[in-house]
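Enquirer: sharing a model that was predicted from the sequence below.
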Amino acid sequence: AAVAAEAASQSPPFLSTTSSSKRKTTRERSDEDDEVIEVEDFSSDSYLLAKSYFDLREYTRAASVLAEESDSKSRFLRLYATYLAGERRKEEQAIEEAGPLEESNSTNEELPAIERELQ
């Protein structure tokens with residue numbers, strides 16, 4: 001049982017990963033040929049925290065964690081999380097105002113701010 005657990009925890013020889021808080025390098029073997037491809041992912045701790053919040057559908061928290069980040073990946077996640085938080089709020093308001101089956105005039109209040117930032 002110990003040997004099986006140890007074997008399961010080891011990566012196959014064509015996939016090795018080294019990581020630190022800022023950089024993760026993954027070596028993958030391409031199926032088409034025996035060329036080794038190195039993929040580098042520079043992710044800040046705040047991006048990884050925000051991504052975790054996003055995966056848990058905590059959109060407002062995810063957006064607030066990335067408020068000070070300026071790279072394109074963080075900006076996208078922040079704006080998308082803000083959009084989804086606004087959509088969730090819009091749906092909640094629609095249910096409160098009109099009920100689940102009736103039409104509502106609720107709008108996503110985050111859209112003007114997102115549009116201003118994208119211009």
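Expert: Sure thing, it's come through.
Enquirer: hey, where'd the helices end up in this structure?
Expert: Applying DSSP state H to the chain gives helices spanning 2-9, 45-55, 59-65, 72-98, 111-118.
Enquirer: what packs against the last one?
Expert: Pointing back at helix 111-118 there. Packed against helix 111-118 by the contact rule (3 or more CB pairs under 8 Å, 6 or more residues apart in numbering; DSSP states H and E) you find helix 72-98. Just so you know, the C-beta spots here come from the backbone N, C-alpha and C atoms, and that holds for glycine as well.
Enquirer: list the buried residues of the helix it packs on.
Expert: 74, 77-79, 81-86, 89-90, 93-94 (16 or more other CB atoms under 10 Å).
Enquirer: out of the residues you listed, which is nearest to Gln119?
Expert: Leu79 (12.4 Å; CB to CB).
Enquirer: the closest one: what's it in contact with?
Expert: Ala63, Ile114, Glu117, Leu118 (CB atoms under 8 Å, 6 or more residues apart in numbering).
Enquirer: what's the local residue count around the third one?
Expert: In this case it means Glu117. 11 (other CB atoms under 10 Å).
Enquirer: on that earlier part again, which of the contacts of Leu79 sits closest to Ser52?
Expert: Ala63 (13.3 Å).
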